[in-house]
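Engineer: What would the 3D arrangement of this be:
(one chain, ligands or ions: 4)
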Amino acid sequence: MTEKIVYVHFSYDDETPTPVLEELSKSRNGSVFAGLNSAGWPGKGETRILWNDTFSGEGRNILIAGAGAKNAKDYCEIEMLNERRENARVAAGAAVNALKGLKVDKVLMELLPGCETAQAEGAHLAQWRYKETELAKMPKLIEPINGAHDDWMTGVRAAKAQNFARYLMESPANLMTPTIFCEKVTERLNPLGIKCTTHGKDFILSERMGAFWSVAKGSAEEPKLLKLEYNGPSNPSGKTICLVGKGVTFDAGGISIKPSANMDAMRADMGGAAVTVSTIYALAMAKAPGKYVALTPLAENLPSGTANKPGDVVTARNGMTIQVDNTDAEGRLLLCDTLCYACDTIKPDVIVDSATLTGAMCVATGWACAGCFTWSTDLATKLTAAGVETGDRIWRMPVFNSHKKKISPAQLADLNNTGPRWGGACNAAAYLRSFVPADGPEYAHLDIAGVMDTCPGADDPSYISKGMTGRPTRTLAEFCRAYSSSS
Ligand SMILES: N[C@@H](CSCc1ccccc1)C(=O)NCC(=O)O
Ligand SMILES: [Mg+2]
Ligand SMILES: [Zn+2]
Ligand SMILES: [Zn+2]
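Structural biologist: Ligands and ions are numbered 1, 2, ... in the order given. Presented below is the predicted three-dimensional model:
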């Protein structure tokens, strides 16, 4: 059987083609424009398919996707986006989505100058599915027709890293336990020269991580602390970046059990760990400069006879005592010990943690962006700038001493692991901040609970199919690249 190929081209909102599409139509006696005039030119993110266009010479399957406004800005202040590149991501994704179930072997995509990376990202993020049977319905191969192949490959790698995070997050909790997570990550990352070290229960206890252990002891699954180390070919900044990611492979809430509706989504409560390891994966695939260490504490949060009970007091690695009034606020218990461990043993210049930490973050910003909590304006600016480029945005949130006062002191301990509902994401950030010494590394906490999965019914962002998103892997990788490249 002959290979089924679809050529993908682009047009703009004012019903004008790209120069390449214009030439193509001319060479086919105007057949493409004739087809588009009949079908109607596609709007942004829409597609039209001209099957077996035989008007002149060789028959060709041609898909035209709408790339939005011709004069889209490189920085749109209202949307805080590189709009031109985001439009390219959306258009490339729409093209791939439109070919679902049509038994397409190969997509050959026109490259838009300056948007090659974004197109590869949109196309390859759109192509990915968790289920093999669904993946089989998508176009098998996506290749560029013309132009900057290196930039295209940069996008292919970025999408591959985010798709790895999606795989880790989407996997059912029985198939992605702390042990399996470490195995899967090591299997994928070790061949790229990333040192992967898995620590178990004994290490966690011997390192006095009492808060982390208090959550883990409620489950029969052994907790793990996974450490990744990647050194690029050079390190222009001379700095060490440490990434930390919450890895709760299932969060039932513990004794403060969650409602059963949609509890299955809590298989992705290890999203912070997934995007953290996938960022290191992206950097290593790109042979990016810099020195990086990633730490992901992994455990299950279940109700059981050995689980934390509301009111229990546990002691963190730094000696601080914590009253566990809500066992569902477990992420900060894993993270606080890991932050202390990072400061003590790695002594990094900067720490960025990622965590599906609070329902309050979902309420605050929904699916639009991750929340960034930091006392470093420089770090907030750099993280925000990375999101503008990748289209996977970061928004700075407040974390003040007034938030800290809501959780400390507790009645029976130095800190409470929960506080008032109001400002819940900020209160959690203030809790975490207490574990990074003021004279220690620069520090930012990303609450990624809102961007964990897609927006039901709205497919937001459009180039990511329904389910767990792997966000903001590409933004973290972009931040790391920019941070490590600056002197
Ligand atoms: N696991 C965290 C966050 S749960 C937030 C969420 C819910 C549904 C879909 C996506 C994310 C947790 O348990 N936090 C405790 C809390 O917010 O009270
Ligand atoms: Mg999972
Ligand atoms: Zn929880
Ligand atoms: Zn959780």
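Engineer: What are the buried residues along stretch 255-274?
Structural biologist: Using 16 or more other Cβ atoms under 10 Å as the burial criterion, the residues of stretch 255-274 that qualify are 255-256, 258, 265-274. Backbone N, C-alpha and C define where each C-beta goes, glycine included.
Engineer: Between those, which sits nearest Ala482?
Structural biologist: Minimum separation from Ala482 among those (Cβ to Cβ) is found for Gly272, which lies at 20.9 Å.
Engineer: helix, strand or coil for the closest one?
Structural biologist: Under the three-state scheme (DSSP: H, G, I helix; E, B strand; the rest coil), Gly272 adopts helix.
Engineer: and it, what does it touch?
Structural biologist: Contacts of Gly272 were listed using Cβ atoms under 8 Å, 6 or more residues apart in numbering, and they are 244-247, 296, 331, 353-357, 446, 448.
Engineer: Residue of the stretch 51-200 of the chain nearest ligand 2, please.
Structural biologist: Among the residues of the stretch 51-200 of the chain, Met176 lies nearest to ligand 2; the distance is 4.2 Å by Cβ to the ion.
Engineer: quick revisit: tabulate the contacts of Gly272 (a markdown table), appending pLDDT, secondary structure and neighbour count.
Structural biologist: A markdown table is the format used below for those (pLDDT from 0 to 100; DSSP: H, G, I helix; E, B strand; the rest coil; neighbours: other Cβ atoms under 10 Å):
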| residue | pLDDT | secondary structure | neighbour count |
| --- | --- | --- | --- |
| Val244 | 99 | strand | 28 |
| Gly245 | 99 | strand | 32 |
| Lys246 | 99 | coil | 31 |
| Gly247 | 99 | strand | 33 |
| Thr296 | 99 | strand | 29 |
| Gly331 | 99 | helix | 27 |
| Asp353 | 99 | strand | 29 |
| Ser354 | 99 | strand | 29 |
| Ala355 | 99 | strand | 31 |
| Thr356 | 99 | coil | 30 |
| Leu357 | 98 | coil | 30 |
| Leu446 | 99 | strand | 31 |
| Ile448 | 98 | coil | 26 |
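Engineer: near ligand 2, which residues of this structure?
Structural biologist: Within the chain, the positions adjacent to ligand 2 are 171, 176, 267 by Cβ under 5 Å from the ion.
Engineer: Can you name the residues that contact the first one?
Structural biologist: The reference is to Ser171. Contacts were defined as Cβ under 8 Å, 6+ apart; by that measure Ser171 touches 130, 267.
Engineer: Report the closest residue of this protein relative to ligand 3.
Structural biologist: Taking Cβ to the ion as the measure, the point where the chain comes nearest ligand 3 is Asp328, at 3.8 Å.
Engineer: who does the residue in the stretch 151-300 of the chain that ligand 4 sits nearest to bridge with?
Structural biologist: At 3.7 Å from ligand 4, Asp251 is the closest residue in the stretch 151-300 of the chain, using Cβ to the ion. On the basis of DSSP bridges, Asp251 takes part in beta bridges with Asn301.
Engineer: Phi and psi next, for Tyr75.
Structural biologist: Phi and psi for Tyr75, reported as degrees, to the nearest 10, are phi -140, psi 110.
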